[in-house]
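Q: Let me see the structure of the following:
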Amino acid sequence: MLKNLFASWEKISCNFYPAFYFYHRLYRDVVQNEIKLGQITSNDKVLNIGCGAIPFTAIHIVQMTGAKVIALDKDTEAVERAKHCLKKYRLDRNIEIKIGDGVNEIPVPFTVAIVALQVKEKVKVLENLQSKGEPGGNLIFRQPTDAYKTVYGFLPNDYLPVSKTLQNMKTFKESYLYKVN
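A: Down below sits the predicted model:
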């Protein structure tokens, strides 16, 4: 229910610039921490899985690094609204929005992938990214707190990250870094 509430709120907010801007700003520090964790530069091609109607991760990555971003979401309405708001607010430079969930097909090549908290099948997405990514690529997952693991899904302890960064969010406190072997 919480997950659907945020998805609906994003779809409504993307049409009103003050709400869009406020929501987008909430995640600035999160994405900045992930840029440092994944050592993202302008030379990277970043895959953002689970972008939602307000693709704030993609926007921040482009604004902070100049990297090219392909953002995916499995919700066709969210994809259409994300495309619309990027164009409306002239933020579509270096960002391509597509339908996809990261479980079956993944646009390649990519050098870094960032997986949103809302992506439920995290183990399947991690295995898919590792099988299709270029060796040495960076894979970043937002890992929910214990209270939100059943809502958002999580990577079990068997999947040890090579590094992580702390986040100051209610639903997740860490982003994990994995490498493509």
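Q: could you point out where this protein is predicted with low confidence?
A: Segments of the chain classed as low confidence (criterion: pLDDT under 70) are 1-3.
Q: can you do 50?
A: Residues of the chain meeting the criterion pLDDT under 50: none.
Q: Would you map the helices across it?
A: Taking DSSP state H as the test, the helices found in the chain are 2-13, 17-26, 28-38, 56-65, 76-88, 122-132, 149-152.
Q: can you redo the ones you listed as TSV with mean neighbour count and distance to residue 173?
A: C-beta: built from backbone N, CA, C; applies to glycine. Shown next, in TSV, are the helices of the chain (neighbours: other CB atoms under 10 Å; distance: least, CB to CB, whole Å):
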stretch	mean neighbour count	distance to residue 173
helix 2-13	14	16
helix 17-26	14	15
helix 28-38	19	11
helix 56-65	22	17
helix 76-88	18	25
helix 122-132	18	16
helix 149-152	14	12
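Q: Just the buried positions in stretch 155-164, please.
A: Within stretch 155-164, the residues that qualify as buried by neighbour count (16 or more other CB atoms under 10 Å) are 155, 161, 164.
Q: what's it in contact with?
A: Counting contacts by CB atoms under 8 Å, 6 or more residues apart in numbering, the residues outside stretch 155-164 that touch it are 37, 122, 123, 126, 141, 143, 174, 175, 176, 177, 178, 179.
Q: That one spans what distance, first to last residue?
A: Across its full length, stretch 155-164 reaches 13 Å end to end, with CA to CA, to the nearest Å as the criterion.
Q: follow-up on the earlier one: closest one to residue 101 among the helices of the chain?
A: helix 122-132 (7.7 Å; CB to CB).
Q: which helices and strands sit right next to that closest one?
A: Where contact means 3 or more CB pairs under 8 Å, 6 or more residues apart in numbering; DSSP states H and E, helix 122-132 is packed against strand 112-115, strand 138-144.
Q: other SSEs contacting the shortest one?
A: In this structure, strand 112-115 makes packing contacts with helix 28-38, strand 45-49, helix 122-132, strand 138-144, judged by 3+ CB pairs under 8 Å, 6+ apart.
Q: Run through who's touching it.
A: Residues contacting strand 112-115 (CB under 8 Å, 6+ apart): 34, 38, 40, 44-50, 57, 61, 67, 102, 122, 125-126, 129, 133, 137-142.
Q: Name every sheet partner of it and say whether each one runs parallel or antiparallel.
A: strand 45-49 (parallel), strand 138-144 (parallel) (DSSP bridges).
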